[in-house]
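**Q** No letters, just coordinates:
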């Protein structure tokens with residue numbers, strides 16, 4: 001897996017999004033962006049996009065002293081999933097191909113990704 005030029009702005013968006021979700025001041029968001037830029041400037045040549053994303057999110061957590069900027073979003077998504085679970089279970093049970101249906105529902109659930 002290699003890094004493309006399109007990866008760089010995406011990493012910056014991830015850093016800013018995580019900082020904003022943490023409801024920190026604009027000054028702290030600015031600090032996060034500076035640290036992310038500094039890290040991206042000196043990315044090791046062997047680093048992969050998942051490695052870089054992990055480090056970017058680690059920088060965010062360290063800069064704003066929040067363990068999980070996505071905690072509220074994750075809790076909300078989990079609540080929604082638990083609310084619709086009985087219906088999804090019914091859909092799988094009524095399906096002509098329950099395994100295929102369950103896999104498709106699982107794939108849809110795994111698309112939700114708030115970051116590390």
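**A** Everything's here; your move. Quantities reported herein were computed from a predicted structural model and do not represent experimental measurements.

**Q** And residue 101, what's its pLDDT?
**A** On the pLDDT scale, residue 101 is placed at 97.

**Q** And for it, the neighbour number?
**A** Other residues within reach of residue 101 by the criterion other Cβ atoms under 10 Å amount to 16. For every residue, glycine as well, the C-beta is placed using N, CA and C.

**Q** wait, isn't residue 70 in contact with residue 21?
**A** Yes: the pair residue 70 / residue 21 is scored as a contact, 6.2 Å apart, by Cβ atoms under 8 Å.

**Q** Tell me the secondary structure at the residue of the chain positioned farthest from its centre.
**A** Ranked by distance from the centre of the chain (Cα atoms, centre = their mean), the top residue is residue 96, with 33.9 Å. Following DSSP: H, G, I helix; E, B strand; the rest coil, we place residue 96 in the coil state.

**Q** How about residue 24?
**A** coil.

**Q** Nearest residue to it in space, please, no chain neighbours.
**A** In this structure, residue 24 finds its nearest non-sequential neighbour in residue 64, 4.7 Å apart by Cβ to Cβ, 6 or more residues apart in numbering.
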